[in-house]
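**Q** Sequence plus predicted model, see below.
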Amino acid sequence: MAATVDFPVVCERITDMLDIRSLRQDLDATVAALASRGFELDRERFESLEARRKALQVRTQELQNERNTRSKGIGQAKARGEDIEPLKAEVGRLGDELKQCEADLHAVQQELDALLMRIPNLPQKDVPVGKDEEANVELRREGTPREFDFTPRDHVDLGLPGGWLDFEAAVRVAGSRFVVMRGDMARLHRALTQFMLDLHTQQHGYQETYVPYLANPESLEGTGQLPKFDEDLFSVDCDQRFRLIPTAEVTLTNLVREQILEAGALPLKMTAHTPCFRSEAGSYGRDVRGLIRQHQFEKVELVQVVHPEQSDAALEELLGHAEAVLQALELPYRVVLLSTGDMGFAAARTYDLEVWLPGQQAYREISSCSNFEAFQARRMQARFRPEAGSKPELVHTINGSGVAVGRALVALLENHQQADGSIAIPERLRPYLGGTSLLKPPSEQ
RNA sequence: GGAGGGGUGGCAGAGUGGUUGAAUGCACCGGUCUUGAAAACCGGCAGGGAUUCACGUCCCUCGUGGGUUCAAAUCCCACCCCCUCCGCCA
């Protein structure tokens, strides 16, 4: 099976990840902004491709115009009963040059598109500049890490007794970086999911949505996973087109792909609970212990499709929605503004929520909330009509985890553990566990 | 999996080689009328791109990609998707 797939160009010239006009008109500033996030744009290559594209496009359109005009003339001459053979011969010669021009133009545009599709989004002006997570800025801490009067265990030690968590079984049925959960652990995992969905749909105004767990390349291209990051994804063997979704962001956000929404439909607020599949290529040796980094995990995702002027405010709002989950679960966390070097490919601004893990004595990412501005919208051709009758404009897209279920489970176990290995259930979660306030490992029941 | 039918503008729906980027209806926008609204009438109304200070001019798009032709929504090929019937199936 071919490792590469031809990515269809939705519409000539507009699938670029960045607005190509900003590249043409303000190349210096764009190059500088990209450099701030560690991306070196080959500007000579871009400029030469652009120059060739322009010359070829102008020439091609001239020739097309001439062909169209003459063909119409032939039609009219024929209608008058005149001899059209000489006319035909003349246009025929024109057609040869046209064909060559069209082919050349097509090739140049393919090359240009391939280049453009691999350029990341521009960071917002106030995003801290840096090459990696070292440059991230901690904005605030919420909640206080608990003082233990015993040595807190990590979630693996807490989960192993009685088979709550079974990594060996998972290796047997699948491989490393998978887990099997049993009994109350599986139930707690489900309870967390249900709680999060209810919170977002009932308190935060999101519409619960069920989406496919397999996505086509066009969708993955739309949200920015392709063409650059195919190695991070699982492909389905029997059908070259499908990838397993690495996040519900893909299928949720792409619901508006190639749509023109009425302004009144915005903002669109959607939430979905899905499994997420990641190959974790290149993360060998990192977080090999426990649930932190798995090939398959569950997430409740929040997505908003908004008016461009609203996206900054929407991101703050969405961040609050993710925080509400941690607050309800009585988990200490901090809010981090990612630096240019640590942000994802498609993001213009990202906040991470990092939850305190007593087992690691560290804050670990449990949610990532980003504003993509028009980046994904441009790739998806997702637009809205500002006013009835006006030209469509690109929407802005926002998303965030609300929150990663597996990691929430980890945080819950480690933060609410008791000296005897049992787990205290926060008030807000108890209704989802039949009122239970304490979970005891099976071996001690 | 087998047999058949079909993909046209926001929607519905004409259109089988030539001035059709596309009739007509609905929706929508502007106007006339009305105390106001409705109705009626008049006008406008696809998306994208190139070029231009601008007006404008031009190009592309009728599921997608190729092909035939001076000329393709219309003919040919491949693929994708949808519908109906049969089979199978959670």
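**A** Okay, I see it. Numbering: from 1, shown residues only, chains lettered A, B, ... in the order given.

**Q** Can I take it that residue A:282 is in a helix?
**A** No. Read with DSSP: H, G, I helix; E, B strand; the rest coil, residue A:282 is coil and lies in no helix.

**Q** which residue sits closest to residue A:373 in space, ignoring its chain neighbours?
**A** residue A:348 (4.6 Å; Cβ to Cβ, 6 or more residues apart in numbering). All C-beta spots, glycine's among them, are computed from the backbone N, C-alpha and C.

**Q** Please report how far that neighbour lies from residue A:187.
**A** 39 Å (Cβ to Cβ, to the nearest Å).

**Q** Show me which of these two is the more surrounded one.
**A** residue A:348 (22 against 16; other Cβ atoms under 10 Å).

**Q** does the residue nearest to residue A:373 really touch residue A:122, like I thought?
**A** Yes. Counting by Cβ atoms under 8 Å, residue A:122 is a contact partner of residue A:348 at 6.4 Å.

**Q** tell me the secondary structure for residue A:352?
**A** Of the three states, residue A:352 takes strand under three-state DSSP.

**Q** Determine the number of other residues adjacent to it.
**A** If you count neighbours by other Cβ under 10 Å, residue A:352 ends up with 27.

**Q** And residue A:175, by the same measure?
**A** 9.

**Q** Let me know the pLDDT of the nearest residue to it once chain neighbours are set aside.
**A** In this structure, residue A:175 finds its nearest non-sequential neighbour in residue A:295, 7.6 Å apart by Cβ to Cβ, 6+ apart. As predicted, residue A:295 sits at a pLDDT of 96.

**Q** Roughly how far does residue A:295 sit from residue A:178?
**A** From residue A:295 to residue A:178 the distance is 6 Å (Cβ to Cβ).

**Q** Then residue A:293?
**A** Residue A:293 sits 11 Å away from residue A:178 when distances are taken as Cβ to Cβ.

**Q** for RNA strand B, what are the nearby residues on chain A?
**A** Contacts of chain A with RNA strand B, taken as Cβ under 7 Å from any atom of the strand, map to A:8-9, A:11-14, A:20-21, A:54, A:57-58, A:60-62, A:64-65, A:67-72, A:74-76, A:78-79, A:84, A:88, A:91-92, A:95, A:106, A:260, A:383, A:388-389, A:391-392.

**Q** Spit out the contact partners of the residue in the stretch 51-200 of chain A that RNA strand B sits nearest to.
**A** Proximity of the stretch 51-200 of chain A to RNA strand B (Cβ to the nearest atom of the strand) peaks at residue A:75, 3.1 Å away. By Cβ atoms under 8 Å, 6 or more residues apart in numbering, the contact set of residue A:75 is empty.

**Q** any idea of the pLDDT on it?
**A** 85.

**Q** I'd like to know how many residues surround residue A:243.
**A** If we define neighbours as other Cβ under 10 Å, then residue A:243 has 23 of them.

**Q** which residues of chain A score low on pLDDT?
**A** A:1-19, A:238-240, A:443-445 (pLDDT under 70).

**Q** Domain ranges for it, per the record?
**A** Domain assignment of chain A by automatic domain parsing yields the ranges A:20-116, A:133-444.

**Q** Could you single out the most deeply buried of those?
**A** Across those, averaging neighbours per residue (mean count of other Cβ atoms under 10 Å) puts domain A:133-444 on top, at a mean of 19.

**Q** Show me what residue of the stretch 201-350 of chain A gets nearest to RNA strand B.
**A** At 5.5 Å from RNA strand B, residue A:260 is the closest residue in the stretch 201-350 of chain A, using Cβ to the nearest atom of the strand.

**Q** so how far is residue A:241 from that residue?
**A** 25 Å.

**Q** cool, residue A:137 as well?
**A** Separation of residue A:137 from residue A:241 (Cβ to Cβ): 40 Å.

**Q** swap in residue A:127?
**A** Taking Cβ to Cβ as the measure, residue A:127 falls 35 Å from residue A:241.

**Q** ok, now residue A:434?
**A** Between residue A:434 and residue A:241 the distance is 43 Å, computed by Cβ to Cβ.

**Q** Equivalent analysis for residue A:341, please.
**A** According to Cβ to Cβ, residue A:341 and residue A:241 sit 33 Å apart.

**Q** my guess is the residue of the stretch 201-350 of chain A closest to RNA strand B meets residue A:386, correct?
**A** No. Taking contacts as Cβ under 8 Å, residue A:260 lies outside contact range of residue A:386: 11.2 Å.

**Q** ok, which stretches of the stretch 251-400 of chain A are helices?
**A** A:311-328, A:375-380 (DSSP state H, counting those that start in this stretch).

**Q** ok so, going back, just the element for the residue of the stretch 51-200 of chain A closest to RNA strand B, please.
**A** Residue A:75 is part of helix A:43-79 when elements are defined by DSSP states H and E.

**Q** and the angle for the helix or strand following that helix with helix A:43-79?
**A** Under the assignment DSSP H and E, the closest C-terminal helix or strand after helix A:43-79 is helix A:85-116. Between helix A:85-116 and helix A:43-79, the angle comes out at 160 degrees (axes from the mean of the first three to the mean of the last three Cα atoms, to 10 degrees).

**Q** who does helix A:85-116 touch, helix- and strand-wise?
**A** helix A:43-79 (3 or more Cβ pairs under 8 Å, 6 or more residues apart in numbering; DSSP states H and E).

**Q** one more time with 10 Å, if that's ok
**A** Judged by 3 or more Cβ pairs under 10 Å, 6 or more residues apart in numbering; DSSP states H and E, helix A:85-116 is in contact with helix A:20-25, helix A:43-79.

**Q** could the ones you listed be laid out in JSON lines, adding distance to residue A:217?
**A** Below are the helices and strands packed on helix A:85-116 laid out as JSON lines (distance: least, Cβ to Cβ, whole Å):
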{"stretch": "helix A:20-25", "distance to residue A:217": "21"}
{"stretch": "helix A:43-79", "distance to residue A:217": "23"}
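
**Q** pretty sure residue A:307 contacts residue A:373?
**A** No. The criterion here is Cβ atoms under 10 Å, and residue A:307 misses it with residue A:373 at 11.8 Å.

**Q** shared neighbours, those two?
**A** A:395-396 (Cβ atoms under 10 Å, 6 or more residues apart in numbering).

**Q** before we move on, the earlier item: from residue A:233, how far off is the residue of the stretch 201-350 of chain A closest to RNA strand B?
**A** Separation of residue A:260 from residue A:233 (Cβ to Cβ): 29 Å.

**Q** State the three-state secondary structure for the closest residue to residue A:290 other than its chain neighbours.
**A** Leaving aside its sequence neighbours, residue A:290 sits nearest to residue A:156 (Cβ to Cβ, 6+ apart; 4.5 Å). Using three-state DSSP, the structure places residue A:156 in helix.

**Q** got a list of what residue A:156 touches?
**A** Shown in contact with residue A:156 (Cβ under 10 Å, 6+ apart): A:165, A:167, A:179, A:289-292, A:359, A:410, A:413-414.

**Q** Okay, the closest residue to residue A:336 other than its chain neighbours and residue A:319: tell me how far apart.
**A** Take residue A:336 and drop its neighbours on the chain: the residue closest to it by Cβ to Cβ, 6+ apart is residue A:352, 4.6 Å away. Using Cβ to Cβ, residue A:352 is found at 10 Å from residue A:319.
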